[in-house]
Structure formats: structure tokens, C-alpha cells
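Q: just coords:
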């Protein structure tokens, strides 16, 4: 299977795929950047550690802990470094505030209902990126998966209009009015460990 921006895949068990009307084609990829997104899981207590972004792009959104991959680093090295930077020591200057949450349901798409854990708050899907329910259950069940999600549409300004992203990364402000920028086109699927290793997706 060929997905623009992802190395050719021998096969993919598609678990979610779709597009908004008028956005059936993938957006053109002009440049690729490598980032990590590390999640700390405790399956013995059915809990997962997330970070609340306190400033910058994505402020107010819960996510894993990650950042860019530096030259000469492996993806694993970069993920560990970023996790230590953001969670290794309590610091009010950190960009992320760590919090434990109960596991969500493991269906696709997932919901915020926890799996019977009353110790921790329910999973905060309402304050996360909109594609998260489509792949987080794969993460929590140790499945190898690949996803591409195009967010948009990005508003095209008319002459004299101003367009800027809102701070939480979920929309744009056009002349003072917030415009939603949800998922535009997406595909999520799983594969075997052997296919994952062969495709070497992480080296893109």
C-alpha cells in the first residue's frame, strides 16, 4: 500500500480511514520532519501518563512527551531525552505538566470511558488531538501501527484578511473569528512486527 509521505508498505490492516467532503486527496508533502511522541504506561494499574502543554503550539492539549530527533540520534534516544527533559524533574518552567489518567476503552474509535479504574480521572480525549482515539488503543495493546492525518482546512485569506493559528492548535483565527481545523483526511492501520521492521517507517 502506498501512502504519500510514508515508505511503501507490504500490507496494512486499515482500522480507520476517511476524509471530509472536498478533501479526498492528500495534501502535498513538501518537507518531512522527524519527531518522537513517548507515552509512559502502567498496565498493572491501567494508567497512562500524559502531559498538558502549558505554552506554545498545542497549549491546553494533552499529549505524550516528545520533540524533534537531533542529528545522529536514534528515535529511541530522542524519545528518552525528551521524556527526561519534560518529566525527569519537577520544574515550573517545563512546557508539559504530567498527569496520570485511567486507560480509555480499547475499541476503535476509542471513548473517554475508563476500563473500570476509579483511582485516576478518565482519559481526556476531549482535550486531545482529534485523531488520538483512532490509534491510542493500538498503542495500549502493543500493536504496530502507521497513521497519516492531514488537519485542515487551512483558511485561505481574502485580500485584507488576517489568518493565524490558535494557541491550542485546533483551529485558526480569521479576522478575530475562530475557524475549526479538524481532521481533513486520515488513514490508520496495523501491521505485523516483521512488516514494521521491514518498512522502517521511523527512518523517513
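A: Yes, it's here. Since this is a predicted model, take the numbers as computed values, not measurements.
Q: for the chain, what helix or strand is lowest in average pLDDT?
A: Between all helices and strands in the chain, the lowest mean by mean pLDDT, DSSP states H and E belongs to strand 163-165, at a mean of 74.
Q: helices or strands next to it in the packing?
A: Taking 3 or more C-beta pairs under 8 Å, 6 or more residues apart in numbering; DSSP states H and E as the contact definition, the neighbouring helices and strands of strand 163-165 are strand 171-174. Backbone N, C-alpha and C define where each C-beta goes, glycine included.
Q: identify all contacting residues around the helix or strand harbouring residue 82.
A: Assigned by DSSP states H and E, residue 82 falls within helix 75-87. Contacts of helix 75-87 with the rest of the structure, by C-beta atoms under 8 Å, 6 or more residues apart in numbering, involve 34, 36-38, 40, 49, 51, 65-70, 73, 94-96, 98, 202.
Q: and these, which are buried?
A: If you count burial by 16 or more other C-beta atoms under 10 Å, the buried members of these come out as 36, 38, 49, 51, 65-67, 69, 94-96.
Q: coming back round to it: and the least confident helix or strand of the chain, how far out from the chain's middle?
A: Distance, stretch centre to chain centre, for strand 163-165: 21 Å (C-alpha atoms, centre = their mean, to the nearest Å).
Q: number the chain from 39, please
A: With 39 as the first residue, the last one maps to strand 201-203.
Q: okay, now the sheet partners of it, with direction.
A: Taking DSSP bridges as the criterion, strand 201-203 sits next to strand 209-212 (antiparallel) in its sheet.
Q: which secondary structure elements does the helix or strand just after the partner strand contact?
A: Per DSSP H and E, the first helix or strand lying C-terminal to strand 209-212 is strand 215-218. Where contact means 3+ C-beta pairs under 8 Å, 6+ apart, strand 215-218 is packed against strand 209-212.
Q: which outside residues touch the strand it packs on?
A: Strand 209-212 is touched from outside by 192-193, 195, 199-204, 216-219, with contacts defined as C-beta under 8 Å, 6+ apart.
Q: rerun at 7 Å
A: Residues outside strand 209-212 that contact it (C-beta atoms under 7 Å, 6 or more residues apart in numbering): 192-193, 195, 199, 201-204, 216-219.
Q: list the contacts of the most centrally placed residue in the chain.
A: Central residue check for the chain by C-alpha atoms, centre = their mean: the C-alpha nearest the mean position is that of residue 170, 5.8 Å away. Residue 170 makes contacts with residue 163, as judged by C-beta under 7 Å, 6+ apart.
Q: cool, and the one 5 residues further on?
A: For residue 175, the set of contacting residues under the criterion of C-beta under 7 Å, 6+ apart consists of 144-146, 148.
Q: if we can go back for a sec, confidence-wise, which of the buried ones among the contacts of helix 113-125 comes last?
A: Between those, the one the model trusts least by pLDDT is residue 132, at 69.
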